[in-house]
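J.: any chance you could fold what I've pasted below:
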Amino acid sequence: MPSNAEPDATGVQGEPLPLYSLVARRLRSDITDGGMSTGDRLPSERVLAERYEVSRVTMRSALNRLAEEGLIASAPARGWFLQEDRSAAHPALSRPSAGRTVQGFADYALRHGLAVRTRVLDSGVRAATIAEAEELRIAPGAPLFSMRRLRFLDDLVVVIEHNRLPLALCPALATTDFSHASLYATLRQADPPQAPHVADYSVEARQPDAEERELLEIADTTPVLVATQLAFNQEARPLELTVATYRGDRYRFRASITD
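T.: Below you'll find the predicted structure:
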């Protein structure tokens, strides 16, 4: 969030839409795709204005537009929240978020009203190794988008992410600036859209190495939790192989176990 795709800038009569309407449209789409639940708080108007690169006045007008639609509501001194009765106008939001899609870092931040900051350590297109090709079910040497990022929530460093994706599924990955753009929002704008639906996920604890200590600002004996995720798209095809190294004191993993 926000998406890199250019919105349709015209209304039903072909007249240009005001900027706040375009921002409202983008925010509505990001809320719909972000797995938010009833009562979740949006980021502050200042954070939203920065993300969508508009003024606070424009952002407030966009939020008021969504409030008129019944999607969100404001609470004095507390901010903006998703409405209790929004499911009739927005049926996609009435589905339970658990199990619907794999949630990305930016989606999590949006849901919890946290500000995201990202520093890209390195990124580019290279040939897939044999091991990566086996995991992602592509040919060894096929173009692979690889990226390492340092992710922050409310300016606190949380995780080092190493993402690897088959470039053929979303060529825009190679030209997107992920210091600002959301990886999952970019995937949703692919043709056809790529949505991470399910994932194999494992977590292990260990001591950080020297680079991880420096990047995660660890000065004591805090361990790291290393999460490996292989996400599959809507066609059950491997989409994303990610290794995320979290500060152990800033990450908690929860799961529901069923038979």
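
J.: from now on I want contacts and neighbour counts done on CA atoms only, so please keep to that.
T.: Noted.

J.: which element, helix or strand, includes the most centrally placed residue in the chain?
T.: In the chain, the centroid-proximal residue (CA atoms, centre = their mean) is Ala106; its distance is 3.3 Å. Ala106 belongs to helix 105-112 when assigned by DSSP states H and E.

J.: just give the nearest non-adjacent residue to Pro223, would you?
T.: Counting by CA to CA, 6 or more residues apart in numbering, Gln207 is the residue found nearest to Pro223 once chain neighbours are left out, at 4.8 Å.

J.: report the contact partners of that neighbour.
T.: Residues in contact with Gln207 (CA atoms under 8 Å, 6 or more residues apart in numbering) are 221-224.

J.: tabulate the residues you listed (CSV), appending pLDDT, neighbour count and distance to Pro166.
T.: Formatted as CSV, the contacts of Gln207 follow (pLDDT from 0 to 100; neighbours: other CA atoms under 10 Å; distance: CA to CA, whole Å):
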residue, pLDDT, neighbour count, distance to Pro166
Thr221, 93, 9, 37
Thr222, 94, 14, 34
Pro223, 96, 17, 31
Val224, 97, 25, 27
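
J.: list just the nearest of those to Arg51.
T.: Val224 (29.4 Å; CA to CA).

J.: for that closest one, give the beta-bridge partners.
T.: Arg206, Arg247 (DSSP bridges).

J.: just checking, it touches Ala244?
T.: No - assessed by CA atoms under 8 Å, Val224 is found out of contact with Ala244, at 9.7 Å.

J.: so where do the helices sit in the stretch 51-200 of the chain?
T.: Here the stretch 51-200 of the chain has its helices, by DSSP state H, counting those that start in this stretch, at 56-68, 105-112, 130-136, 183-188.

J.: these: which one's closest to Arg78?
T.: Of the helices of the stretch 51-200 of the chain, nearest to Arg78 by CA to CA is helix 105-112, at 12.9 Å.

J.: which pLDDT does the model give Pro16?
T.: You'll see Pro16 listed with a pLDDT of 60.

J.: Val203: which element?
T.: strand 198-206.

J.: show me what that strand is packed up against.
T.: If you count contacts as 3 or more CA pairs under 8 Å, 6 or more residues apart in numbering; DSSP states H and E, strand 198-206 packs onto strand 224-232.

J.: if we ignore the residues flanking it in sequence, what's nearest Arg56?
T.: Ala49 (5.6 Å).

J.: angle of the longest helix anywhere in the chain against helix 56-68?
T.: For the chain, the helix with the greatest residue count under DSSP state H is helix 19-33. Using axes from the mean of the first three to the mean of the last three CA atoms, to 10 degrees, the direction of helix 19-33 lies 60 degrees away from that of helix 56-68.

J.: mind giving me the packing neighbours of helix 19-33?
T.: Using 3+ CA pairs under 8 Å, 6+ apart, helix 19-33 sits against helix 56-68.

J.: which residues does the next helix or strand after the strand holding Val203 contact?
T.: Where DSSP H and E defines the elements, the next helix or strand beyond strand 198-206 is helix 210-215. Residues from elsewhere that reach helix 210-215, judged by CA under 8 Å, 6+ apart: 150, 160, 218-219.

J.: could I get those as a markdown table with neighbour count?
T.: Formatted as a markdown table, those follow (neighbours: other CA atoms under 10 Å):
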| residue | neighbour count |
| --- | --- |
| Leu150 | 20 |
| Ile160 | 24 |
| Ile218 | 16 |
| Ala219 | 8 |
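
J.: which ones among those residues map onto strands?
T.: 150, 160 (DSSP state E).

J.: let me have the contacts of helix 210-215 in CSV, extended by pLDDT and distance to Ser61.
T.: Output for these, formatted as CSV (pLDDT from 0 to 100; distance: CA to CA, whole Å):
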residue, pLDDT, distance to Ser61
Leu150, 97, 33
Ile160, 97, 36
Ile218, 96, 42
Ala219, 95, 45
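
J.: that'll do, ta.
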